[in-house]
Structure formats: structure tokens, C-alpha cells
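Visitor: what would the 3D arrangement of this be:
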Amino acid sequence: MPDSELPEVPPETKDWTWVLHERCPQCTLEAGVLTLAEIPAVIRAQVQVWPVVLLRGDVLDRPAQQVWSPLEYAAHTRDVLRLFTDRLALIRAEDEPTFADWDPNEAALAGGYHELDPETVGAEILASAETLAAAVEAVPPESAGRRGLRSDGAAFTVTTLMQYLVHDLVHHLWDVSGEPPGASAGATDGSDSLPEALQDTRPRAEVLQEAGAAEQVLDGGTSGGEATSPGVVAEQSEVGAGSPEVAAPQEPAPGAAGGASAEAPESGEVPEPPIQAFANRHRRVLGLLVAIICAVLAVAYVTVVPPTVTGTGFRAFLVRWTVPACWALIAGVALTWALSLRRQIVNGFAYAAVACWVVYLVARLV
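Guide: Now for the predicted structure:
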């Protein structure tokens, strides 16, 4: 059936950044416990099951009219891996960049997900996952705290961005299998379940040890016996009933609002203070409110408040106009911060406001 004849999947409206702080009740993953060092192995391990999923006879079948088929979820997973590779590169190249909006449903229509070749999509998922995993490995520890912003102002560090990505990978396998990570119902071939590290049920040392073992499996380093895919045995699981929603990193639903700073202590990053996290979550409202207040004060100092220094000299001119100019520049700081513009622009307004205030003080004192 052509994509144009398929029922439209409802757009995602949930804020999924909570998965950085809590265990997901559906896929059971607790993404916030993963460190940046663990994530490359998890990415590589997690995608190994997709080529097997795409061998299923029902790969084109939607479990419900408005729920993606396994092939559509697979194509979406491929595109999410590519999207997060681009976002990781952007975060490393620029200071607090704002990510461009991305709509998964539009991408599905434009990419003709339903008409793609399953074998090709499976190969593309593995290649895209390897590219992203290698990019994460190349991030130096001191860059783990670099931040990027979603268009709604939600802040992600390098680590929380990748934690968010891992949840997306795990959740979409749950979408097509109906089994949480680690569930073995229906698995009869002895395949390993997803590493328990993803559920944080063991000490960190065991987590890291298994993550390293997973890399050995993917590199063909197993001894004695055939390597098995550490993942849900999706080809032997039933597609989950109901309507698993598209938990994709779309804008502005996924990411979604909320500062993302659930960083594990081992990453070396200092968690975002609560006040700063609150400000980032509500930056648009707070920024616009402060900008309006400051703009009103600037106008008031020009039209209502009488000048504190009389005369027509240069000093009187400075005293008269630097105060409203300072309030106007502070309004500019608040507005550019609310709109998530580049840090250099925000800082430019801030430095100009400070300079204006210094000029006012000097003019008052001389």
C-alpha cells in the first residue's frame, strides 16, 4: 500500500525528557544511569536485532491503523541515529546551538518508509549506529557537559542527549516486540536478553564489564559457540497490542520540554542546579516576562521619570540616557536568551548593558 493511502500516525505530544530521570514503565529502561563511556557499546548492541526483526513476515503490517509497522519503526530508528549524529556534531562544534525542528511523521511520509526494502534498512541501521557510536567514543571527557538546546528551550548535554537516544532505541524495539528489555518470553533459541546494565540492576563494575563484553561480541570476539544478539528476540515475540505511541525525538516533543541534565556521577559533569534547570525549562516565559518589564522601565525612564541631573552638557546627556539604554539592553539579553539565540549574541547584549551602566556611574561621579 502506498504511503499516501496509509492512515496518518498521530503526532507525538508527550514530553519524553522525563526518561532521563525515571525508569520508563513501558520499555523498563532507566536511561539516566548510563555514563557516556557505556553508551557506544549499548548503541552497537541494541541495533543488532533489527536485521532479524526485518525478516519477519509481518514486517509491513501495522498492528493498528495508526501505529507504525515494524518496517516503519526500523526506518525511523535509522533516521533517529542519523539525526543524533548530526546533533552531536553540532553540540561539539558550536556553543549551545539550537537544534532544528524535526517531525518524525513528516520524515516517514517524505522517506516513503512503508515502501523501503527491509534488508537495506537493516543494513543502514547498523551502519548509522556504528557511525554514531564512533562519534560518541571520540568525545573527550571534558566535552561531556557541552550543551545544546531544543527549539522549545529544553537543554541537553552530550551525555543526556545520548541517554535520550538510547531510550529511543530501546523503546522502539519494545514497540515492535511488546516485550521489555530482558524479557525472554517467546525466546527459545538461547539468545541473550538485553544487557541488564540497561536496567541498572547490578553494580557499576558489572555494568561496564558487560558493556565491554557486548563490544567483543559485535567484533566477533566470542569464543566457543555462535555469537547471539543481545536484544529482545523480536522475531519470536508478538507485536504489542494497543497503540504504542511514537516515542521519537521529534520537535517539540522529543526532545520535549525540560532541562536534561540527569548525569551519572562517573561522567564528571556537575548536575544542573535546580534553579538553573527551572529557568531553562521555562526560559521562553521567563525571558519574555523580564524583557517586557525591562522595556517598560526603559520607556518609563524616558517619558515619566524626571532626569536626576539638569542641564544640557555632555554629562547631563549621559546621565539622562544611559539608564534607559541600560534597561533596553537588559531587555535584549532576556529576549535573546528566551529565543535561544547564540550565546555570543546574548553575551553581546549583556556586555553592552554592563558598559552602559559603568558609563552612567562614571557620569554621576565626575
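
Visitor: only C-alpha atoms for contact and neighbour calcs from this point on.
Guide: Will do.

Visitor: quick check: what element follows the least confident helix or strand in the chain by mean pLDDT along the chain?
Guide: Lowest mean confidence among the helices and strands of the chain (mean pLDDT, DSSP states H and E): helix 204-218, at a mean of 37. Using DSSP states H and E, the helix or strand that directly follows helix 204-218 along the chain is helix 274-281.

Visitor: any low-confidence regions in the stretch 1-150 of the chain?
Guide: 1-16 (pLDDT under 70).

Visitor: what about the strands in it?
Guide: Counting by DSSP state E, counting those that start in this stretch, the stretch 1-150 of the chain has strands at residues 147-149.

Visitor: which regions of the stretch 201-350 of the chain lie under the pLDDT threshold?
Guide: Within the stretch 201-350 of the chain, the stretches with pLDDT under 70 are 201-273, 277, 308-312.

Visitor: pull the residues that contact the helix or strand harbouring residue 353.
Guide: For residue 353, the enclosing helix or strand under DSSP H and E is helix 343-365. Here helix 343-365 makes contact (CA atoms under 8 Å, 6 or more residues apart in numbering) with 95-96, 315-316, 318-319, 322-323, 325-327, 329-330, 332-333, 336-337.

Visitor: and with 7 Å instead?
Guide: Contact with helix 343-365 is made by 95-96, 315, 318-319, 322-323, 326, 329-330, 332-333, 336-337, as judged by CA atoms under 7 Å, 6 or more residues apart in numbering.

Visitor: which of those residues sits closest to residue 64?
Guide: For these, the residue nearest residue 64 by CA to CA is residue 96; the value is 39.9 Å.

Visitor: residues near that closest one, how many?
Guide: 22 (other CA atoms under 10 Å).

Visitor: you'd agree it is up against residue 145?
Guide: No - in this structure, residue 96 is not within contact of residue 145 by CA atoms under 7 Å, at 10.6 Å.

Visitor: could you pull out the helices for the stretch 51-200 of the chain?
Guide: 70-93, 104-111, 118-137, 158-177 (DSSP state H, counting those that start in this stretch).

Visitor: deepest of those, which one?
Guide: helix 158-177 (a mean of 25; mean count of other CA atoms under 10 Å).

Visitor: other SSEs contacting that one?
Guide: Contact analysis of helix 158-177 by 3 or more CA pairs under 7 Å, 6 or more residues apart in numbering; DSSP states H and E lists helix 70-93 as its packing neighbours.

Visitor: tell me the buried residues in stretch 38-47?
Guide: 38, 39, 40, 41, 42, 43, 44, 45, 46, 47 (16 or more other CA atoms under 10 Å).

Visitor: can I get stretch 75-95 in PDB? Just the C-alpha atoms.
Guide: Extracted in PDB, the C-alpha atoms of stretch 75-95 (Å, rounded to 0.1, in the frame of the first residue of the first chain):
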ATOM      1  CA  ALA A  75      13.300   3.300   9.100                       C
ATOM      2  CA  HIS A  76      12.500   5.800  11.900                       C
ATOM      3  CA  THR A  77      15.200   4.300  14.100                       C
ATOM      4  CA  ARG A  78      17.700   4.600  11.200                       C
ATOM      5  CA  ASP A  79      16.800   8.300  10.800                       C
ATOM      6  CA  VAL A  80      17.000   9.000  14.500                       C
ATOM      7  CA  LEU A  81      20.500   7.600  14.600                       C
ATOM      8  CA  ARG A  82      21.500   9.900  11.800                       C
ATOM      9  CA  LEU A  83      19.700  12.900  13.400                       C
ATOM     10  CA  PHE A  84      21.500  12.400  16.700                       C
ATOM     11  CA  THR A  85      24.800  12.000  14.900                       C
ATOM     12  CA  ASP A  86      24.300  15.400  13.400                       C
ATOM     13  CA  ARG A  87      23.200  16.900  16.700                       C
ATOM     14  CA  LEU A  88      26.200  15.500  18.500                       C
ATOM     15  CA  ALA A  89      28.500  17.100  15.900                       C
ATOM     16  CA  LEU A  90      26.600  20.400  16.200                       C
ATOM     17  CA  ILE A  91      27.000  20.400  20.000                       C
ATOM     18  CA  ARG A  92      30.700  19.800  19.700                       C
ATOM     19  CA  ALA A  93      31.200  22.500  17.000                       C
ATOM     20  CA  GLU A  94      29.100  25.300  18.500                       C
ATOM     21  CA  ASP A  95      28.400  26.800  21.900                       C
END
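
Visitor: which other residues reach that stretch?
Guide: 97, 99, 113, 121, 124-125, 128-129, 132, 146-148, 158, 169, 343.

Visitor: pick out the most distant pair among those residues.
Guide: Of all pairs drawn from the contacts of stretch 75-95, the widest gap by CA to CA lies between 121 and 343 and measures 38.4 Å.

Visitor: what's the separation between residue 40 and residue 173?
Guide: Distance of residue 40 to residue 173, given as CA to CA, to the nearest Å: 18 Å.

Visitor: host element of residue 325?
Guide: Using DSSP H and E, residue 325 maps to helix 314-338.

Visitor: buried ones in that helix?
Guide: 315-316, 318-338.
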